[in-house]
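Q: Just need the structure, nothing else, for what follows:
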Amino acid sequence: MNSQYMNLIQIIRSFNRFYTNILGLLDKHIYESEFSLAEVRVLYDIEHMEVCTAKKLIDELKIDPGYLSRILKRFENDSLIYRVQSPEDGRLYYLYLTDKGKNTLSTLDDLSNAQIYKLISCLPEQDKMSVVESMKTIQNAFSENPLKIKEKITIRSELRPGDVGYLIHLHGRFYAEECKYNYMFEGYVCKTIFDMFNNYNAEKDRFWFAEANGEIIGAVAIIGHSAARAQLRWFILHPSFRGIGLGNTLLDEAMKYCQEKGYKQVFLETTDDQKIAIKMYMKVGFKKVAEHENKEWGKKLIERTYELDLPIGNLDSFKF
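A: Sure, this is the predicted structure:
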């Protein structure tokens, strides 16, 4: 095992020890009740899992069957749950919370929310957001099947108040973190969006926003410049949601829209360091037509313009 992996392993183990202490704190103090974290999770899943059974709980929670059996027996004795025998299989029982169980879970939820609020309320606002984003990144990275993540993502074209403000935020944040662009780039994005809204027309312009858990995690837009020519703009994906085909889906939607609207040519502007995005554009058929130097965003860059002549009538030509 090389030294690079050993360093990563030690960082992960250090985090594990730290977070185990956090969980211990939650287990001991947050709920201030007779229930352990495992017991609270069992109550939660019985309430929220569709057609809950003991086997499903074992599979979902990776819990020892004997331990789960003792928990369920205690819950029954305390009138927190009840079982209903399956009419199709006499060996199978469905699990439900009683009214007492639902009230107990509601109380535990309130206690948990209050204690987690206490845990993070002292953090600066940016740190709060960083903690949440990091937790999402870990969860997505270690999910068993990336396709399950994609199934939870929705894409909408409706433009809502706050959308473009958050789109500017995503550009400013991720281009600074990943590409080391300065604040001037965020100002550039603000200006391009402001200029667009001076002539915005829902009949020729379209945004697509990808959302997960109610939060925008990706976007792309098509802005019409004439009856025949449009521009692809503000294409971005949250790092936690890359590598699952979402970028291809957004780009596919944008290209189909251009064909439906009868645009004959689409162009875009990007920089030479956006290598992954450029590969996607070239795969669709975009070709570089111009480039020039840019030193305004904190580093030396080459801005490039790409163009695509659209085929007529074949809406499947952009399938990835």
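Q: helix, strand or coil for Val164?
A: Of the three states, Val164 takes helix under DSSP: H, G, I helix; E, B strand; the rest coil.
Q: My guess is it contacts Phe194. True?
A: No. Val164 lies out of contact with Phe194 (CB atoms under 8 Å); the separation is 9.4 Å. C-beta coordinates here come from the backbone N, C-alpha and C atoms, glycine included.
Q: can you give me the helices for the stretch 201-320 of the chain?
A: All helices of the stretch 201-320 of the chain, identified by DSSP state H, counting those that start in this stretch, fall at 246-260, 275-284.
Q: With distance to Glu269 added, can I get those helices in JSON lines?
A: Formatted as JSON lines, the helices of the stretch 201-320 of the chain follow (distance: least, CB to CB, whole Å):
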{"stretch": "helix 246-260", "distance to Glu269": "15"}
{"stretch": "helix 275-284", "distance to Glu269": "11"}
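Q: Pick the most buried one from the ones you listed.
A: Ranked by mean neighbour count, the helices of the stretch 201-320 of the chain are led by helix 246-260 with a mean of 19 (mean count of other CB atoms under 10 Å).
Q: In terms of secondary structure, what does that one contact?
A: With contacts taken as 3 or more CB pairs under 8 Å, 6 or more residues apart in numbering; DSSP states H and E, helix 246-260 sits against strand 154-156, strand 206-212, strand 215-224, strand 229-237, helix 275-284.
Q: go again using 6 Å as the cut-off
A: On a contact count with 3 or more CB pairs under 6 Å, 6 or more residues apart in numbering; DSSP states H and E, helix 246-260 meets strand 206-212, strand 215-224, strand 229-237.
Q: Report the mean per-residue pLDDT for that helix.
A: Regarding helix 246-260, the rounded mean pLDDT is 92.
Q: Strand 215-224 and that one, what's the angle between them?
A: Orientation check (axes from the mean of the first three to the mean of the last three CA atoms, to 10 degrees): helix 246-260 against strand 215-224 gives 30 degrees.
Q: Could you shift the numbering so residue one becomes 639, and keep it that way?
A: Happy to do that; since the first residue is 639 now, the last one works out to helix 884-898.
Q: Can I get helix 884-898 in CSV, CA atoms only?
A: What follows is helix 884-898, C-alpha atoms only, in CSV (Å, rounded to 0.1, in the frame of the first residue of the first chain):
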residue,chain,number,x,y,z
LEU,A,884,-26.7,14.3,-14.9
GLY,A,885,-24.6,16.7,-17.0
ASN,A,886,-25.3,14.6,-20.1
THR,A,887,-29.1,14.7,-19.3
LEU,A,888,-29.1,18.5,-18.9
LEU,A,889,-27.1,19.0,-22.1
ASP,A,890,-29.4,16.6,-24.0
GLU,A,891,-32.5,18.6,-22.8
ALA,A,892,-30.9,21.9,-24.0
MET,A,893,-30.0,20.5,-27.4
LYS,A,894,-33.5,19.1,-27.9
TYR,A,895,-35.1,22.4,-27.0
CYS,A,896,-32.9,24.2,-29.6
GLN,A,897,-34.1,21.8,-32.3
GLU,A,898,-37.7,22.2,-31.2
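Q: so how far is that helix off the chain centroid?
A: With CA atoms, centre = their mean, to the nearest Å as the basis, the distance from the averaged C-alpha position of helix 884-898 to the chain average is 19 Å.
Q: That one to strand 844-850, inter-axis angle?
A: Angle, helix 884-898 to strand 844-850, by the same axes, to 10 degrees: 160 degrees.
Q: Give me the neighbour count for the nearest residue to Thr909 once chain neighbours are set aside.
A: Setting aside the residues directly before and after it, Thr909 is nearest to Leu939 in space (CB to CB, 6 or more residues apart in numbering), at 4.7 Å. For Leu939, the neighbour count with other CB atoms under 10 Å is 20.
Q: what's the answer for His930, then?
A: 9.
Q: ok, so what distance separates Asn820 from Ala814?
A: Relative to Ala814, Asn820 is positioned 7 Å away (CB to CB, to the nearest Å).
Q: Same check on Tyr901?
A: In terms of CB to CB, Tyr901 sits 32 Å off from Ala814.
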